[in-house]
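Undergrad: Kindly return the folded structure for what I paste below:
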Amino acid sequence: MKWRSLVRPLLVLALSGPALPAEETRDFAREMARPAPAWVRDAVIYEVFPRQFSATGDFSGVTAKLDELKALGVDVLWLMPIHPVGKLKAKGRLGSPYAVQDYYAVNPDYGTKEDFRALVAAAHARGLKVIIDLVANHTAWDSVMMRNPAFYRRDAAGNVLPPHPEWADVAGLDYTNPETRRYMGAMLEYWLREFHLDGFRCDVAGEVPTGFWEEVRPALEKIRPGLLMLAEASQPDLLVHAFDADYAWPMLATLNRVLMQGAPASELAKTWAADERAKFPRGALHLRMSDNHDEPRAIARFGWPAALAASALMFTLDGVPLLYNGMEVGDTSESGDPALFERVPIFWQPKQRGHFRETYTFLAALRHAHAAFRSDDVEWLANSAPQNVVSFVRRDAAEEFAVVINFSNRPQAAEVTVADAAQFAPVPRPGQRADSVPAGVGRVALGAFEWRIYRRAK
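TA: Below is the predicted model of the structure:
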């Protein structure tokens, strides 16, 4: 969501919302996830904060960079909330975009509805999909919905309540009221019908009843068949009928522990097995990220080389990778609290970071060119340096790729256990000659935070 960025990775389960008693013993790993459209599984998603993204801070500023984003390898634009921001009880000078004043309007600072239509049309003309952030759990205190207090959670005296005491700038919606459900469902249909959107990223989706999402999904499908519903949650029941993908919060939390607290790199494989495969429906799709608007920038948390190593993991694992605006240039402008409530533009010309764009373009192209990276087939490989090194294989019927990443700030040699190790050839990265890295994956010598990808044809 927003202002909890510094503590979020430690609160993954709490933020997903309380499980219903009937769900406590339900074995989701025995169920099938809702099948996501092929275009979603194949996608690279790019999150845009319009206020910060360009010098103009509006829809036109995003439209002007569409060709650049297409060249980067982006498939889906996710626009953070585009609605007017509430003023009553607002945080900071500008307020949080997650405090929505009117779901049926656009933020006048961003432009007009026609400007937004032009952005969507221009994106579609380039083969890009567009989704918007949908904040269904709460509104601003001066929302137009306040004309009917019955839409909101209230105490015994009838006073409207925030969803949580510390979320003082927003008021919680009451989904036990059928009128609230009808209003919000109709609003979702409006944005699909009138603006030809390709789906929604749903803020704190786990705090809205799963039943609501399951009720509205069929109606949304009738308007936009094969749309994307992305849940900001790590909650298995959401992926059975309602959502196509959720957030890989447990993996991000583990990544932070590995790179910031010295936890063993082997914890990443354990998280994948214990917190994803063992708890989620089969075929579940997760958003892979090292950076987003809730976190301090990855480059600030991890440092330059480690930030790219983290992205190499997120782009080569199963799931859908996320780029947060500015990552491709190594931007260090602040994100999360308090930057969510202020104007902190991306700095697009940082020194000595040209290789960031090259790296992300390479990783996106690799995913697009090889179906092995878009499947859910992951085999973690044992290696002799599990404290620092992760190794795994991605494969399909035609080829397989071995990925080896050193998550330490020291050179590290490792023996990797993989069949036909000598048959793997290194995949050259930008600026790297094909013969500059020895073939074979059996024994790998890596520099600090170095990562390599090897390919073997079957």
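Undergrad: CA only for contacts and neighbour counts going forward, please
TA: Will do.
Undergrad: so who does the residue nearest to D291 when sequence neighbours are not counted touch?
TA: Distance criterion C-alpha to C-alpha, 6 or more residues apart in numbering; nearest residue to D291, sequence neighbours excluded, is A298 at 5.4 Å. Applying C-alpha atoms under 8 Å, 6 or more residues apart in numbering to A298 gives the contacts 290-291, 307.
Undergrad: Alpha carbons of the helix or strand hosting P250, as PDB, please.
TA: Assessed by DSSP states H and E, P250 sits inside helix 249-261. Only the C-alpha atoms of helix 249-261 are listed here, as PDB (Å, rounded to 0.1, in the frame of the first residue of the first chain):
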ATOM      1  CA  TRP A 249       6.000 -10.600  -0.300                       C
ATOM      2  CA  PRO A 250       7.600 -13.500   1.400                       C
ATOM      3  CA  MET A 251      10.300 -13.700  -1.200                       C
ATOM      4  CA  LEU A 252      11.000 -10.000  -1.000                       C
ATOM      5  CA  ALA A 253      11.200 -10.200   2.800                       C
ATOM      6  CA  THR A 254      13.800 -13.000   2.500                       C
ATOM      7  CA  LEU A 255      15.700 -11.100  -0.200                       C
ATOM      8  CA  ASN A 256      16.000  -8.200   2.300                       C
ATOM      9  CA  ARG A 257      17.200 -10.400   5.000                       C
ATOM     10  CA  VAL A 258      19.900 -12.000   2.700                       C
ATOM     11  CA  LEU A 259      21.200  -8.700   1.400                       C
ATOM     12  CA  MET A 260      20.700  -6.400   4.400                       C
ATOM     13  CA  GLN A 261      21.100  -8.800   7.400                       C
END
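Undergrad: buried sites along the helix or strand following that helix?
TA: The helix or strand immediately downstream of helix 249-261 is helix 267-271, counting by DSSP H and E. Within helix 267-271, the residues that count as buried by 16 or more other C-alpha atoms under 10 Å are 267-269, 271.
Undergrad: Repeat that for stretch 30-49.
TA: So for stretch 30-49, counting by 16+ other C-alpha under 10 Å, buried means 31, 33-36, 40-49.
Undergrad: Show only the entries of those residues found in strands.
TA: If you go by DSSP state E, the buried residues of stretch 30-49 have 45-48 in strands.
Undergrad: thought L66 was touching A123?
TA: Yes. Using C-alpha atoms under 8 Å, L66 makes contact with A123 at a distance of 6.7 Å.
Undergrad: and the gap between R147 and K89?
TA: 17 Å (C-alpha to C-alpha, to the nearest Å).
Undergrad: Looking at these two, which is more packed in?
TA: K89 (14 against 9; other C-alpha atoms under 10 Å).
Undergrad: and the more buried one, what pLDDT?
TA: On pLDDT, K89 comes in at 97.
Undergrad: How about it: what's its closest non-neighbour residue?
TA: D169 (5.0 Å).
Undergrad: coming back round to it: tell me which other helices or strands the helix holding P250 touches.
TA: helix 267-271, helix 298-302 (3 or more C-alpha pairs under 8 Å, 6 or more residues apart in numbering; DSSP states H and E).
Undergrad: I'd like the ones you listed laid out as JSON lines, including mean pLDDT and distance to R217.
TA: Below are the helices and strands packed on helix 249-261 laid out as JSON lines (pLDDT from 0 to 100; distance: least, C-alpha to C-alpha, whole Å):
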{"stretch": "helix 267-271", "mean pLDDT": "98", "distance to R217": "30"}
{"stretch": "helix 298-302", "mean pLDDT": "96", "distance to R217": "34"}
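Undergrad: how about the ones you listed in TSV, adding distance to D102?
TA: TSV is the format used below for the helices and strands packed on helix 249-261 (distance: least, C-alpha to C-alpha, whole Å):
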stretch	distance to D102
helix 267-271	39
helix 298-302	33
